[in-house]
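Peer 1: What follows is a predicted protein model with its sequence.
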Amino acid sequence: MSRIGKKPIAVPKNVVIEMNNDVVKVKGPKGELMQKLTDAVNLVQEESRLIVERVSDSKKHRALHGLSRALLANMVEGVTQGFEKKLELVGVGYRAQMQGSKLVINIGFSHPVEISPPAGIEFEVPAPTRISIKGIDKQLVGNTAAHIRAIRKPEPYKGKGIKYENEVIRRKVGKAGGK
(Lines give C-alpha, C1' and ligand atoms only; values in the text may rest on other atoms or scores of the structure.)
Protein backbone atom coordinates (compact mmCIF):
# COMPACT_ATOMS: atom_id res chain seq x y z
CA MET A 1 0.00 0.00 0.00
CA SER A 2 1.21 3.51 -0.78
CA ARG A 3 2.88 5.10 2.22
CA ILE A 4 2.20 8.58 0.90
CA GLY A 5 -1.38 7.78 -0.08
CA LYS A 6 -2.24 6.42 3.39
CA LYS A 7 -1.34 9.65 5.19
CA PRO A 8 -4.35 11.87 5.89
CA ILE A 9 -4.18 15.51 4.79
CA ALA A 10 -4.61 18.01 7.62
CA VAL A 11 -7.09 20.70 6.56
CA PRO A 12 -6.82 24.01 8.46
CA LYS A 13 -10.01 25.76 9.61
CA ASN A 14 -9.64 28.60 7.09
CA VAL A 15 -9.56 26.17 4.10
CA VAL A 16 -12.75 25.02 2.36
CA ILE A 17 -12.73 21.92 0.14
CA GLU A 18 -15.53 21.37 -2.37
CA MET A 19 -15.90 18.10 -4.28
CA ASN A 20 -18.04 17.95 -7.44
CA ASN A 21 -17.83 14.58 -9.22
CA ASP A 22 -14.12 14.41 -10.14
CA VAL A 23 -13.22 18.12 -9.67
CA VAL A 24 -11.84 19.30 -6.32
CA LYS A 25 -11.76 23.01 -5.41
CA VAL A 26 -9.65 24.22 -2.51
CA LYS A 27 -10.26 27.76 -1.23
CA GLY A 28 -8.04 29.43 1.32
CA PRO A 29 -6.75 32.81 2.44
CA LYS A 30 -4.26 33.12 -0.48
CA GLY A 31 -6.62 32.05 -3.27
CA GLU A 32 -8.40 29.15 -4.92
CA LEU A 33 -7.06 26.10 -6.77
CA MET A 34 -8.90 23.50 -8.81
CA GLN A 35 -7.78 19.98 -9.78
CA LYS A 36 -9.45 17.20 -11.73
CA LEU A 37 -8.90 13.84 -10.05
CA THR A 38 -9.09 10.42 -11.64
CA ASP A 39 -11.79 7.91 -10.85
CA ALA A 40 -9.10 5.68 -9.28
CA VAL A 41 -9.48 7.40 -5.89
CA ASN A 42 -12.27 8.43 -3.55
CA LEU A 43 -12.06 11.35 -1.12
CA VAL A 44 -13.41 11.06 2.40
CA GLN A 45 -13.61 14.31 4.36
CA GLU A 46 -13.72 14.11 8.12
CA GLU A 47 -13.80 17.08 10.49
CA SER A 48 -10.29 18.48 9.94
CA ARG A 49 -8.71 15.90 7.66
CA LEU A 50 -9.04 14.60 4.16
CA ILE A 51 -8.38 10.92 3.39
CA VAL A 52 -7.64 9.61 -0.10
CA GLU A 53 -8.77 6.01 -0.68
CA ARG A 54 -8.17 4.01 -3.82
CA VAL A 55 -10.90 2.03 -5.57
CA SER A 56 -8.99 -1.21 -6.10
CA ASP A 57 -5.56 -2.77 -5.74
CA SER A 58 -4.71 -2.74 -9.44
CA LYS A 59 -1.30 -1.45 -10.46
CA LYS A 60 -2.74 1.67 -12.11
CA HIS A 61 -4.85 2.59 -9.07
CA ARG A 62 -1.90 2.05 -6.72
CA ALA A 63 0.19 4.37 -8.87
CA LEU A 64 -2.45 7.11 -8.85
CA HIS A 65 -3.14 6.83 -5.09
CA GLY A 66 0.00 8.58 -3.85
CA LEU A 67 -0.04 11.05 -6.74
CA SER A 68 -3.59 12.18 -5.98
CA ARG A 69 -2.82 12.59 -2.29
CA ALA A 70 0.33 14.61 -3.02
CA LEU A 71 -1.53 16.90 -5.45
CA LEU A 72 -4.26 17.59 -2.87
CA ALA A 73 -1.73 18.19 -0.07
CA ASN A 74 0.13 20.67 -2.29
CA MET A 75 -3.13 22.47 -3.05
CA VAL A 76 -3.94 22.82 0.66
CA GLU A 77 -0.40 24.04 1.42
CA GLY A 78 -0.50 26.45 -1.52
CA VAL A 79 -3.70 28.23 -0.50
CA THR A 80 -2.53 28.57 3.11
CA GLN A 81 1.24 29.28 2.90
CA GLY A 82 2.12 29.50 -0.80
CA PHE A 83 5.29 28.32 -2.54
CA GLU A 84 8.54 30.09 -3.35
CA LYS A 85 11.58 29.33 -5.50
CA LYS A 86 14.73 31.42 -5.33
CA LEU A 87 17.23 31.86 -8.15
CA GLU A 88 20.72 33.36 -8.14
CA LEU A 89 22.55 35.05 -11.01
CA VAL A 90 26.26 34.23 -11.03
CA GLY A 91 28.58 36.14 -13.34
CA VAL A 92 30.13 39.55 -13.84
CA GLY A 93 27.47 42.04 -14.94
CA TYR A 94 24.60 39.56 -14.53
CA ARG A 95 21.70 41.32 -12.83
CA ALA A 96 17.93 41.39 -12.60
CA GLN A 97 15.46 44.19 -11.98
CA MET A 98 11.73 44.78 -11.97
CA GLN A 99 10.03 47.08 -14.48
CA GLY A 100 6.44 47.23 -13.33
CA SER A 101 5.37 43.60 -13.08
CA LYS A 102 7.93 42.42 -15.67
CA LEU A 103 11.26 40.88 -14.77
CA VAL A 104 14.19 42.22 -16.81
CA ILE A 105 17.39 40.14 -16.76
CA ASN A 106 20.80 41.15 -18.14
CA ILE A 107 22.85 37.97 -18.53
CA GLY A 108 25.45 38.59 -21.18
CA PHE A 109 23.23 38.70 -24.26
CA SER A 110 23.21 41.72 -26.57
CA HIS A 111 19.72 42.54 -25.28
CA PRO A 112 17.99 42.34 -21.89
CA VAL A 113 15.55 39.44 -21.47
CA GLU A 114 12.04 40.49 -20.36
CA ILE A 115 9.76 37.98 -18.69
CA SER A 116 6.09 38.62 -17.93
CA PRO A 117 4.74 36.65 -14.96
CA PRO A 118 2.01 34.09 -15.71
CA ALA A 119 -1.32 34.51 -13.91
CA GLY A 120 -0.90 33.66 -10.22
CA ILE A 121 2.89 34.24 -10.12
CA GLU A 122 4.78 37.15 -8.53
CA PHE A 123 8.42 38.06 -9.10
CA GLU A 124 10.56 39.79 -6.49
CA VAL A 125 14.14 41.02 -6.80
CA PRO A 126 15.51 41.46 -3.24
CA ALA A 127 19.04 42.01 -4.62
CA PRO A 128 20.33 42.56 -8.17
CA THR A 129 21.62 38.97 -8.32
CA ARG A 130 18.63 37.25 -6.69
CA ILE A 131 15.16 36.46 -8.03
CA SER A 132 12.25 35.16 -5.94
CA ILE A 133 9.27 33.49 -7.61
CA LYS A 134 6.11 33.18 -5.49
CA GLY A 135 2.67 31.68 -6.07
CA ILE A 136 0.05 29.27 -4.74
CA ASP A 137 0.37 26.60 -7.46
CA LYS A 138 3.49 24.49 -6.82
CA GLN A 139 3.72 23.21 -10.38
CA LEU A 140 3.42 26.68 -11.91
CA VAL A 141 6.05 28.13 -9.55
CA GLY A 142 8.48 25.31 -10.40
CA ASN A 143 7.85 25.56 -14.15
CA THR A 144 8.36 29.33 -14.13
CA ALA A 145 11.62 28.97 -12.19
CA ALA A 146 12.81 26.29 -14.62
CA HIS A 147 11.89 28.51 -17.58
CA ILE A 148 13.95 31.41 -16.18
CA ARG A 149 16.88 29.11 -15.36
CA ALA A 150 16.82 27.69 -18.90
CA ILE A 151 17.59 31.14 -20.34
CA ARG A 152 21.22 30.76 -19.20
CA LYS A 153 21.99 27.49 -17.40
CA PRO A 154 25.10 27.46 -15.20
CA GLU A 155 28.13 26.36 -17.16
CA PRO A 156 30.54 23.82 -15.63
CA TYR A 157 33.84 25.74 -15.97
CA LYS A 158 33.19 29.01 -14.13
CA GLY A 159 29.68 28.37 -12.83
CA LYS A 160 28.26 31.43 -14.63
CA GLY A 161 24.51 31.49 -15.28
CA ILE A 162 21.21 31.31 -13.45
CA LYS A 163 21.01 28.66 -10.74
CA TYR A 164 18.66 27.65 -7.95
CA GLU A 165 19.54 29.00 -4.51
CA ASN A 166 21.01 25.81 -3.02
CA GLU A 167 22.06 24.16 -6.29
CA VAL A 168 25.60 22.81 -6.40
CA ILE A 169 27.32 23.17 -9.76
CA ARG A 170 29.73 20.36 -10.58
CA ARG A 171 32.83 22.06 -11.87
CA LYS A 172 35.16 20.75 -14.57
CA VAL A 173 38.88 21.31 -14.73
CA GLY A 174 39.90 23.63 -17.54
CA LYS A 175 42.65 23.06 -20.07
CA ALA A 176 46.00 21.95 -18.70
CA GLY A 177 48.62 24.56 -19.54
CA GLY A 178 51.26 23.28 -21.98
CA LYS A 179 54.98 23.95 -21.57
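Peer 2: Perfect, thanks for sending it.
Peer 1: Contacts only, for the most centrally placed residue in the chain.
Peer 2: Computing the C-alpha centroid of the chain and ranking residues by Cα atoms, centre = their mean puts residue 142 first, at 3.0 Å. By Cβ atoms under 8 Å, 6 or more residues apart in numbering, the contact list for residue 142 reads 83, 85. Every residue, glycine included, has its C-beta placed from N, CA and C.
Peer 1: helix/strand/coil for it?
Peer 2: Under DSSP: H, G, I helix; E, B strand; the rest coil, the three-state class of residue 142 is helix.
Peer 1: So it versus residue 84, what's the distance?
Peer 2: For residue 142, the distance to residue 84 equals 11 Å [Cβ to Cβ, to the nearest Å].
Peer 1: Please apply the same query to residue 129.
Peer 2: Here residue 129 is placed at a distance of 17 Å from residue 84 (Cβ to Cβ).
Peer 1: Repeat that for residue 49.
Peer 2: Distance, residue 49 to residue 84, by Cβ to Cβ: 26 Å.
Peer 1: For residue 80, give me phi and psi.
Peer 2: phi -100, psi -50 (degrees, to the nearest 10).
Peer 1: Quick one: residues contacting it.
Peer 2: 12, 14-15, 28-30.
Peer 1: What are the boundaries of the helices in the protein?
Peer 2: 3-6, 59-80, 138-149 (DSSP state H).
Peer 1: So for stretch 24-36, mean pLDDT?
Peer 2: Per-region confidence: stretch 24-36 scores 93 on mean pLDDT.
Peer 1: Can you give me the buried ones in it?
Peer 2: For stretch 24-36, the neighbour count (16 or more other Cβ atoms under 10 Å) marks 24, 26, 28, 30, 33 as buried.
Peer 1: before we move on, what about stretch 55-66?
Peer 2: 61, 64-66.
Peer 1: Tell me how the chain divides into domains.
Peer 2: The record's domain parsing of the chain by automatic domain parsing lists 3-80, 83-164.
Peer 1: Centre of the chain to the last one, how far?
Peer 2: Centroid separation for domain 83-164 versus its chain: 14 Å, with Cα atoms, centre = their mean, to the nearest Å.
Peer 1: Any idea how far apart the tips of that domain sit?
Peer 2: 14 Å (Cα to Cα, to the nearest Å).
Peer 1: Please apply the same query to the shortest one.
Peer 2: The stretch domain 3-80 measures 24 Å between its terminal residues, going by Cα to Cα.
Peer 1: swap in stretch 6-20?
Peer 2: 22 Å.
Peer 1: Point out where the protein drops to low pLDDT.
Peer 2: 1-2, 178-179 (pLDDT under 70).
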